[in-house]
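**Student:** Just to be clear, the model below is a prediction. Sequence and coordinates:
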Amino acid sequence: MGVIQRQGFKHSIVNFVGLAIGGASTLWLYPLVIGEYGIFQLILSAGVVGMPILALGANTVAIRFFPHFQDKASGHHGFLPFLFGLFLTGSLLAGSILLLSWDWLIAWMPSQKASTLSDHLFQVIPIACLWVLSSLLSIYSFNFKRIVIPSILLDFSQKITVPILLWMVYSCWLTLDQAIWGLLAHGILVFLGLLYYIHSIGQLHLKPDWRFFTPSLKRELGRFILFSSLGTFSILIISKADLFLVGSLMPIDNTGIYSIAVFLAAVIEVPTKSLYSASVSSVALHIANNDLEALESLYKKVSINLLCIGLLLFGALWIAIDDLYSIMQKTEIVANGKWVFFFIGLGKLADMASGLNNYMIVYSPHYMRALVPVGILAAANIAFGLYLIPAYGLMGAALSTFISILLYNTLSILIVWRKFKIFPFDPHTLLALTLAFVVYLLVLIIPRIHGFPILNAALHVGPYLLGLGGLFLGLRVSNDLNDLARQLFGKWRSFLR
């Protein structure tokens, strides 16, 4: 995949280093500050869930319409200031909604949560806005095949900042309120850093060009912005409502327990972020050029690549899950998230296997057709959560998210098939699933050594990764993975010489 493969590989390295830092924090720090960690996660999630309204669809407009605006000589016809204008409009809209619904929100939440939200509101709002602005700049840079530096500034730096601030809270060097101000300072620095980076690559064009906005372009933008705002908000509800429902319906410590399990599951989707970030502009370009052959090739490659990597990572983590929890602080508390990891991990695996279907719908002329069913699924996720959380606790929240993600991706695959007549799966998909299941069953035969969790995990995870990875490469389940392995082996041989 050329540039996409190289950028995706570099991006994966950055994310894996960040996850290593986050993993160490999850094992030895976050359980010690489980309540404070839960509050941090609620604050940081506000920007993620609020992005469709705060950005007013600018996050998807930045990719979908860039081919129409692209012209460096004219500063891309004022595309970046237009995106900032969408954010400003969305922020005013979101502020009005928050003001009108504030009394209802406070009345609905338990008194402890309501008090926490009220006490930190003037920090939460700017943190959310800065995250949205920084994400918008990061997405804008994807159009120029630049994903590594924005990832370091936006994601990697947060993985370092959060544990540092929480360690200082645990050590009584900072109060929780001061640590939240630290999150705000980090958000400011990230935004300024991304602005400087885009300027350094010669793409910071801030002069508007309103003459470029023809009546037909305005109508098309208006329809897409409406869809993008509502559709993306619905998708986020499908995948993110669980954390807010846990945070609203259960004690604050459960939010921390749930967040730790979700972090472990996030390891599975590291390659997803990398390949999606590197592929999304190509999806928009292929659709704009009506190049269905290139689109299908990219669709199938991303699907099988992510499925293979997802099976390796999910299987390895599930095999070692008891050992991972046993070496964490406050094992008896945090281990309640075991089945949260299982269902969230399965949801991420289903998402990875589905490939680029969501982006193919969003960046196609058929995007409006997906709005109603996606909205129905979002409402269903809330309904599932409200029913399953009281009945099954943390596992109920994860189960509701898994069901919603599975239904959403099934629907998306059907929409892509109907409109483009292309499908992400082929015989290699079934082969990958079968190999993973067989290797997993064989690994279970290996005796477990109780009392030595790290050794026990190594004795089971090692054979699983080597066995399944060897079969994937030997049977050429994914040509891209074989090519990558050959390149890495060649570089290793050169290094040894």
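**Tutor:** Right, received. Where do you want to start?
**Student:** contacts, neighbours, all on C-alpha from now
**Tutor:** Fine.
**Student:** what are the ranges of the strands in this protein?
**Tutor:** For the chain, strands defined by DSSP state E do not occur.
**Student:** Show me how the record splits it into domains.
**Tutor:** For the chain, automatic domain parsing gives the domain ranges 3-425, 426-489.
**Student:** Distance from the chain centre to the shortest one, please.
**Tutor:** What that stands for is domain 426-489. 24 Å (CA atoms, centre = their mean, to the nearest Å).
**Student:** avg pLDDT for it?
**Tutor:** Summarised as a single mean, pLDDT over domain 426-489 is 89.
**Student:** That domain: end-to-end distance?
**Tutor:** 28 Å (CA to CA, to the nearest Å).
**Student:** got any ranges where the stretch 301-450 of the chain has weak pLDDT?
**Tutor:** For the stretch 301-450 of the chain, applying pLDDT under 70 flags the ranges 366-373.
**Student:** just the helices in it please.
**Tutor:** 321-326, 331-334, 338-353, 357-362, 371-392, 394-420, 427-444 (DSSP state H, counting those that start in this stretch).
**Student:** need those helices in TSV with mean neighbour count and distance to Val132, can you?
**Tutor:** Converted to TSV, those look like this (neighbours: other CA atoms under 10 Å; distance: least, CA to CA, whole Å):
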stretch	mean neighbour count	distance to Val132
helix 321-326	20	33
helix 331-334	16	30
helix 338-353	24	23
helix 357-362	22	19
helix 371-392	18	21
helix 394-420	21	23
helix 427-444	15	36
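**Student:** Which strands and helices lie in contact with the longest helix seen in the chain?
**Tutor:** With secondary structure taken from DSSP state H, the chain has its longest helix at helix 215-249. Packing partners of helix 215-249 (3 or more CA pairs under 8 Å, 6 or more residues apart in numbering; DSSP states H and E): helix 34-54, helix 58-64, helix 252-266, helix 371-392, helix 394-420.
**Student:** I'd guessed Gln123 sits against Gly182; true?
**Tutor:** No. The pair Gln123 / Gly182 is not scored as a contact, 9.9 Å apart, by CA atoms under 8 Å.
**Student:** Report the separation between Lys421 and Ile415.
**Tutor:** According to CA to CA, Lys421 and Ile415 sit 9 Å apart.
**Student:** Show me the shaky parts of the stretch 1-150 of the chain.
**Tutor:** 1-12, 15, 47, 49-52, 101-121.
**Student:** how about the helices in it?
**Tutor:** 3-28, 34-54, 58-64, 66-69, 79-108, 111-119, 121-142, 148-151.
**Student:** residues in contact with the second one?
**Tutor:** This means helix 34-54. Contact with helix 34-54 is made by 30, 58-59, 87-94, 124, 127-129, 131-132, 166, 176, 180, 228-230, 232-233, 236-237, 240, 243-244, 247, 252-257, 259, as judged by CA atoms under 8 Å, 6 or more residues apart in numbering.
**Student:** In contact with Thr175: list those residues for me.
**Tutor:** Contacts of Thr175 (CA under 8 Å, 6+ apart): Val169.
**Student:** do the same with Met168
**Tutor:** Contact partners of Met168, counting by CA under 8 Å, 6+ apart, are Leu174, Ala179.
**Student:** go again using 6 Å as the cut-off
**Tutor:** The contact partners of Met168, by CA atoms under 6 Å, 6 or more residues apart in numbering, come to Leu174.
**Student:** Deepest in the core, which of the domains of the chain is it.
**Tutor:** Among these, the stretch with the highest mean neighbour count (mean count of other CA atoms under 10 Å) is domain 3-425, at a mean of 19.
**Student:** just to revisit the earlier point, just so I know, which of the helices of the stretch 301-450 of the chain lies nearest Phe191?
**Tutor:** Proximity to Phe191 (CA to CA) singles out helix 357-362 among the helices of the stretch 301-450 of the chain, at 25.4 Å.
**Student:** Tell me the helices and strands packed up against the closest one.
**Tutor:** Using 3 or more CA pairs under 6 Å, 6 or more residues apart in numbering; DSSP states H and E as the contact test, no helix or strand touches helix 357-362.
**Student:** Now do that helix: distance to the chain's middle.
**Tutor:** Put simply, helix 357-362 sits 15 Å off its chain's centre (CA atoms, centre = their mean).
**Student:** next one: stretch 322-337
**Tutor:** Worked out by CA atoms, centre = their mean, stretch 322-337 lies 24 Å from the chain centre.
**Student:** mind checking the end-to-end distance for it?
**Tutor:** For stretch 322-337, the first-to-last residue distance is 11 Å (CA to CA).
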